[in-house]
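In: give me the fold of what follows.
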Amino acid sequence: MKAQLAAFAGLFLSGAGIVPILPVGLAQGPAVSNQTPAGTMSSKAMLDEQSSYNLSVTSQLVLLDVAVRDQRGQSIRHLTQNDFTIFQDGAPQPIVAFEAVDTTDPAQATPPIHSTEELEKIAQRSPVTILVLDELTTKFEDEYFARYSLKKYLGEQGDTLSDPTLLLARSYNRTTVLHDYTTSKREILDALERHLAGNDWRAKDPSQADTLLGAALASLVEVAKATEGHAGHKNVVWIGRGFPGTQWSNLTPDHAEAVKTAIVSCSNLLRDARITLYSLDPSGISVALESTADSNGVLATTDPFGGQIDFDKIAESTGGLAIHGRNDVDHMIEQAVEGGKAFYALAYRPPASSEDDPKKFHQIRVVMKNPQLIASSREGFYAESAESAEESAATGDLSHARSLDLAGAINGLMVFTGIPLEVDRKNHTNQYEVTFPAASVDLKETDGRLIGDTDLIVVSFDRKGKRLSSSGKVISLHLPPLPPDKIEDRKVTVTAAIEDVGSPARIRFVVRSHSSGRIGAENYFIADRNSRRDPSTGLKAARP
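Out: Residues are numbered from 1 along each chain as shown. Purely as a prediction, here's the structure:
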């Protein structure tokens with residue numbers, strides 16, 4: 001896994017500016033063993049969410065979010081477990097868990113949400129919609145039409161959206177949070193009005209294919225890492241080209257190996273974060289995915305990236321769609337969003353394999369008992385499993401893999417929920433306390449104690465987004481073990497001091513677990529966020 005992550009990082013870092021990296025080393029910090037009682041959400045509830053609902057291959061279960069439609073494309077509700085059959089590599093698999101999710105049902109409706117913090121406190125399992133405006137690979141005239149279409153789609157919705165919605169924009173340098181999670185249609189529309197769209201020359205330059213590939217994959221990785229702590233399904237609606245397709249035969253062997261490693265890692269991160277991706281491009285051309293029938297006569301998709309590297313194939317491999325050649329983009333958006341409102345969560349236990357090629361693609365097919373119904377779900381997974389994350393280099397500097405992991409978390413505004421953070425300022429000083437659940441950093445029992453290392457990085461910015469100070473250290477956590485019958489509900493608090501430089505408007509705190517690679521990131525706003533002219537917001541400052 002270390003070599004794979006290094007190759008992954010090398011791919012994204014090979015083009016200057018693809019992923020801006022914080023130039024900061026990590027100093028070894030003191031051991032931390034202080035903990036406080038659990039807060040508003042009990043650790044038992046949190047552990048239940050992580051261990052029984054947010055399932056993945058690494059927990060010996062595969063979780064599939066399955067959308068079912070009829071021949072007219074209408075969502076089908078009120079199905080039971082007996083209506084589904086799951087095949088892996090052509091062999092039927094017993095379904096061990098089943099749940100029908102329908103956010104349009106008043107009994108499952110999500111309460112009003114206006115931030116990531118509210119989402120994680122009161123709707124931990126709610127499905128969410130993530131809208132991404134692709135401003136790197138989409139021509140300016142198409143960007144305008146996409147924004148117009150998104151406004152048109154929103155205009156036809158009620159004042160309260162059924163799913164919490166996050167609005168992002170992807171440019172060459174960053175993924176920008178235009179608005180945090182909200183169920184308010186007006187808040188999303190206001191953010192669109194205040195956003196100045198980008199117009200990057202690379203969108204029209206065919207020689208920039210590597211740059212576009214790296215930027216798009218890095219953005220998908222960032223979204224996956226940021227949202228992996230949320231237990232609910234994520235419907236990512238990517239409005240734009242993503243990146244142009246490339247044939248494997250056009251790559252050198254070394255480059256092809258790096259790209260393959262990057263795609264495998266990205267695919268598995270999307271899987272573990274429960275992300276379904278929809279790619280909407282009104283100016284593109286759709287290419288059919290290669291497929292074959294297995295010995296049971298069941299249509300089985302081959303490795304989606306066996307023929308060429310294609311953003312559409314990433315979308316289709318997650319169970320989403322790639323929609324092209326249509327001018328009704330508002331209806332394209334509606335179709336994609338609807339896919340995340342009603343679906344079925346099915347889990348099965350994959351067959352054991354003692355000799356598995358880490359890059360082998362295991363095919364998954366969900367077949368309906370009623371042949372008139374069509375099931376859409378993840379097409380498979382790569383055998384690669386999550387291992388311990390790469391430690392810091394001997395010099396104390398960030399390794400390439402950890403730099404890639406941390407780049408988006410450090411430089412953006414998006415809240416990363418892999419490790420839920422609470423930040424408190426101590427009496428209006430430059431001292432801050434960062435608190436997180438001990439269970440979220442995957443401590444290991446060693447010599448009678450629970451031990452683990454975490455990175456703590458703190459960056460301050462002024463009102464215009466200029467970085468004022470940055471610091472980082474490795475903190476070793478040492479906690480006494482719990483009795484066998486007690487659930488881990490402790491919280492760890494670490495302190496951080498901000499350099500007295502300039503007039504900070506925002507402080508960014510990032511915590512990363514060495515053992516699991518999970519990341520937590522949170523902002524502490526000293527100045528009113530609406531008064532800032534920080535380019536990381538992607539918004540014009542509000543009028544006074």
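In: where do the strands sit along the stretch 351-500 of the chain?
Out: 361-368, 374-376, 380-382, 416-417, 422-425, 431-437, 444-446, 449-461, 467-479, 491-497 (DSSP state E, counting those that start in this stretch).
In: and those as TSV, adding distance to A336?
Out: C-beta: built from backbone N, CA, C; applies to glycine. Converted to TSV, these look like this (distance: least, C-beta to C-beta, whole Å):
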stretch	distance to A336
strand 361-368	19
strand 374-376	11
strand 380-382	21
strand 416-417	23
strand 422-425	34
strand 431-437	33
strand 444-446	41
strand 449-461	33
strand 467-479	36
strand 491-497	38
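In: K185 is nearest to which of those strands?
Out: Nearest to K185 among these is strand 416-417 (23.6 Å), distances taken as C-beta to C-beta.
In: ranking the strands of the stretch 351-500 of the chain by mean neighbour count, which comes first?
Out: Sort the strands of the stretch 351-500 of the chain by mean neighbour count, taking mean count of other C-beta atoms under 10 Å, and strand 416-417 sits at the top with a mean of 26.
In: and it, how far from the chain's centre?
Out: How far strand 416-417 lies from its chain's middle: 9 Å, per C-alpha atoms, centre = their mean, to the nearest Å.
In: could you do stretch 257-269 as well?
Out: 15 Å.
In: please identify the buried residues of that stretch?
Out: The neighbour-count check on stretch 257-269 (16 or more other C-beta atoms under 10 Å) flags A258, V259, K260, T261, A262, I263, V264, S265, C266, S267, N268, L269 as buried.
In: could you confirm the third one falls within a helix?
Out: Yes - according to DSSP: H, G, I helix; E, B strand; the rest coil, the state of K260 is that of a helix.
In: burial count for K464?
Out: Counted by other C-beta atoms under 10 Å, the residues lying close to K464 total 11.
In: elements contacting the helix or strand V264 falls within?
Out: Per DSSP states H and E: V264 is located in helix 253-272. Applying 3 or more C-beta pairs under 8 Å, 6 or more residues apart in numbering; DSSP states H and E, we find helix 253-272 packed against helix 2-13, helix 209-227, helix 311-317, strand 380-382.
In: in a markdown table: these, plus distance to A191.
Out: Converted to a markdown table, those look like this (distance: least, C-beta to C-beta, whole Å):
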| stretch | distance to A191 |
| --- | --- |
| helix 2-13 | 28 |
| helix 209-227 | 17 |
| helix 311-317 | 24 |
| strand 380-382 | 35 |
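In: show the pLDDT at R186.
Out: Listed pLDDT for R186 reads 96.
In: for it, helix, strand, or coil?
Out: R186 ends up helix, using three-state DSSP.
In: repeat for T182
Out: Going by three-state DSSP: T182 is strand.
In: quickly list what it is bridged to.
Out: T165 (DSSP bridges).
In: equivalent analysis for Y348, please.
Out: V62, I95.
In: please report the distance of it from P504.
Out: For Y348, the distance to P504 equals 50 Å [C-beta to C-beta, to the nearest Å].
In: where exactly do the helices run in the stretch 1-150 of the chain?
Out: 2-13, 43-48, 116-122, 140-155 (DSSP state H, counting those that start in this stretch).
In: weakest of these in terms of mean pLDDT?
Out: Least confident of the helices of the stretch 1-150 of the chain, judged by mean pLDDT, is helix 43-48 with a mean of 29.
In: poorly predicted segments of this structure, please.
Out: Applying pLDDT under 70 to the chain flags residues 1-59, 203-204, 206, 282, 284-307, 353-359, 384-405, 529-544.
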